[in-house]
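Participant: Got a sequence here, can you build the structure:
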Amino acid sequence: ARIPSRRQVRATMPDHAVGVLFDFDGTLADTETPAMDVAFWELAPYIPSLEPVAGDRAALDEARDKFVVDNAGKAFEFMCDGVDAERAATGLPPVAKVYEASRAAGAAASTPLALAVDMRRTELGLVPLARLFSQDGQAAEPTLLAQQKSDTNTRLAIAARATPHTVDMLQTLTAASVPFVIATTSGKPRVPICVDAAGLRSYFPSDELNIHSGESDFEPPRFKPAPDVYLRAASYVKLPPAQCIAVEDSASGVGSAANAKVGLIVGYVGASHIRDKEGHAEMLMQGTRSEDGRGALIIIEAMSDLVALVLAFRAGGEAGVREAAPGLAGRYWFK
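Facilitator: Numbering: from 1, shown residues only. Sure, this is the predicted structure:
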């Protein structure tokens, strides 16, 4: 994949200033797969439809893969809502109440599904439920949401990695004097932990100035597709949203950027959790979560191609992006 050289970048004179506002999970860092693994196994003990396949590892893996496709980019609270809907249909109480009851009783269920979940939790480096809930073991967090956050941080501190070519891309944007920050739904300290684990701290040195979170920087939280985190991020690169570029991998993220009136929305499908690249690209262009139906203008598979799009937008706006697209090194899709 080609990234413009520093000499080429310095030779590109800007017509107007632009800034880049990065989603984090699944864009800058390949964190969606490990984070969604944790989310699935956090909720799996409470999903009634998994009980019949508790002893079938392949079937559980298939269920996890479908869960990732259905829930990537969503806050964990919304994932819980989906499981609660399935439980309510069979007359079962919400997952939060079952979790709190297990914690109060000091014992986890000993069903085949719970045993299968504990095997996977151990593989991920997490404390198994049997020990988590035991009175003489490590104490569980007060709520399921708090436990999910703790387990996710534990896993990501081990597994978070930058997506391919991202470090070179950030280095080149820095050389081009293009300001950039993170605009994510995910909370702190999760994102800072991942920034450190992925080797990106030199590009995002301040948790306050460089990392903006819909969950942690607003009270109450403002999750995507609400525009708040993108409006905040744009203010920190000191530019109006119309002069900014959002880089996103989810429908809710594209919706958030569109609702904030960000000038250019670039979709990214290069992370490991996106199996159907073309189908995902089509979804990002549809604008299903934006108020005006606007989707991403262009989707890229190689993060190295982002630099050319940023420079093209800086020099010629949307028309410049369309003109630059045929010269991209990787696959791309246009709306």
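Participant: Check which helices and strands the lengthiest helix in the chain is in contact with.
Facilitator: For the chain, the helix with the greatest residue count under DSSP state H is helix 306-324. Packed against helix 306-324 by the contact rule (3 or more CB pairs under 8 Å, 6 or more residues apart in numbering; DSSP states H and E) you find helix 166-175, strand 244-248, strand 264-268, strand 298-300. The way it works is simple: take the backbone N, C-alpha and C, and place the C-beta from them, glycine included.
Participant: who does the helix or strand following the third one touch, helix- and strand-wise?
Facilitator: This means strand 264-268. Next helix or strand after strand 264-268 toward the C-terminus (DSSP states H and E): helix 277-286. Counting by 3+ CB pairs under 8 Å, 6+ apart, the packing neighbours recorded for helix 277-286 are helix 251-259, strand 264-268, strand 298-300, strand 332-334.
Participant: Same list (these) but as TSV, adding distance to Tyr203, mean pLDDT and mean neighbour count.
Facilitator: Formatted as TSV, these follow (distance: least, CB to CB, whole Å; pLDDT from 0 to 100; neighbours: other CB atoms under 10 Å):
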stretch	distance to Tyr203	mean pLDDT	mean neighbour count
helix 251-259	20	97	28
strand 264-268	17	98	28
strand 298-300	19	98	25
strand 332-334	24	97	17
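Participant: Which of these sits closest to Pro179?
Facilitator: Closest approach to Pro179 among the helices and strands packed on helix 277-286 is made by strand 264-268 (14.9 Å; CB to CB).
Participant: Can you tell me what sits against that closest one?
Facilitator: Contacting residues not belonging to strand 264-268 are listed as 26-27, 163, 244-249, 254, 257-258, 281, 284-285, 294-301, 303, 306, 309, 313, 318, 321, 333 [CB atoms under 8 Å, 6 or more residues apart in numbering].
Participant: Just the buried residues out of these, in ChimeraX syntax.
Facilitator: In ChimeraX syntax, the buried subset of the contacts of strand 264-268 is picked out as below (16 or more other CB atoms under 10 Å):
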select :26,27,163,244,245,246,247,248,249,254,257,258,281,284,285,294,295,296,297,298,299,300,301,303,306,309,313,321,333
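Participant: What is the burial count for the residue nearest to Leu231 when sequence neighbours are not counted?
Facilitator: Leaving aside its chain neighbours, Leu231 sits nearest to Ala260 (5.1 Å; criterion: CB to CB, 6 or more residues apart in numbering). For Ala260, the count of nearby residues is 26 (other CB atoms under 10 Å).
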